[in-house]
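> coords please:
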Amino acid sequence: MNLLRKLTVVIVALACSSVAQADLITQVQPFNFTSPIFPVSGFTNGDTGFQLFDPFDPVLGSLTAVNVAIDGLVEVTGVLPISLICTLGCVPFPYFFDLTIQHDYGLGFLIDPQIRYTGFNPGLPGGFLSVTTYNHSMSFNEFTDLTGITPVTSLAAPGAPIGPVAPVVIPAVGATSLRDDFSDPFAQPIVSVLPTHTYSLIGGVGAQGPITGQVSSRGTITLSYVFENETTSVPEPGTLALLCLGLLGLGITRKRRASFLGSAQ
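Okay, here's the model as predicted:
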């Protein structure tokens, strides 16, 4: 009888437990592009290269979370222009400069992640090469949907300075996309966007042109759909309750019968 009782408990536990199967779909998109620093001081340069991910298909189940990781590298090369002031002769004239590079990946960043080079040039031409690596990661889930803001973790290794001042990396703090955005092919947020550059020369009297050069960006965007697979067959709640009660009743009846027979003997 002990064996029968144990089997009944096992059957009840299996029948009355809901089976939820977690599943995962991961997509990886590389990006690699080069954009010139447009040769006009103060001009904003930006180009967009769309690399859409496949939206989540609700037929597969219930979307639990969308995890996004962006790993990239930005290489900036160019030349700071010479600046001269000429009266009886021509001498170098110092000036401040600013070069800002920012990325927008369509995630609704509250502040687009930026790499900013600012510094002081003595007026002489100077070439530069700077490479910055970075990572942005975030998870869109039911809790972030409630607030409408998803925290973003940003890490970066700033490259070499242009001039004497090290570059400043401004991280992405938060994003405003929601899980539903990833299920709508017309509102899907994830795209790879070429960098936007803003730059200026301040006090560059007699400058022989603005900052010139190019910005290269490359890396990968990894997007993962975490969802509950609803293809697993689970009894309806009413049927499941009746089944559980029936199995429990069967176990109790057998137990009472065994007790009665034992006492009768």
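
> Enumerate the beta-bridge partners assigned to the residue nearest to the spatial centre of the chain.
By C-alpha atoms, centre = their mean, the chain has its centre lying nearest to Val68, at 3.3 Å. Beta-bridge partners recorded for Val68 (DSSP bridges): Met138, Leu223.

> Am I right that it is in contact with Ser137?
Yes - using C-beta atoms under 8 Å, Val68 is in contact with Ser137, at 6.9 Å. In this view, the C-beta of every residue, glycine as well, is placed from N, C-alpha and C.

> Just give me the neighbour total for Leu155.
Neighbour count of Leu155, defined by other C-beta atoms under 10 Å: 12.

> which residues are contacting whatever helix or strand it lives in?
Per DSSP states H and E, Leu155 falls inside strand 153-157. If you take C-beta atoms under 8 Å, 6 or more residues apart in numbering as the criterion, strand 153-157 is touched by 113, 115, 132-138, 169, 171-173.

> Show me what secondary structure element comes after that strand.
Per DSSP H and E, strand 153-157 leads on to strand 168-170 as the next helix or strand towards the C-terminus.

> looking just at contacts, which helices and strands does that following strand meet?
Here strand 168-170 touches strand 114-121, going by 3 or more C-beta pairs under 8 Å, 6 or more residues apart in numbering; DSSP states H and E.

> Tell me the spacing between the residue nearest to the centre of the chain and Tyr134.
Distance, Val68 to Tyr134, by C-beta to C-beta, to the nearest Å: 14 Å.

> and what of Gly123?
Counting by C-beta to C-beta, the gap from Gly123 to Tyr134 is 32 Å.

> How many residues are close by Thr147?
When neighbours are counted by other C-beta under 10 Å, Thr147 comes out with 10.

> Could you report the separation of it from Arg179?
Taking C-beta to C-beta, one finds Thr147 at 13 Å from Arg179.

> in the strand holding Leu155, what's buried?
154, 156 (16 or more other C-beta atoms under 10 Å).
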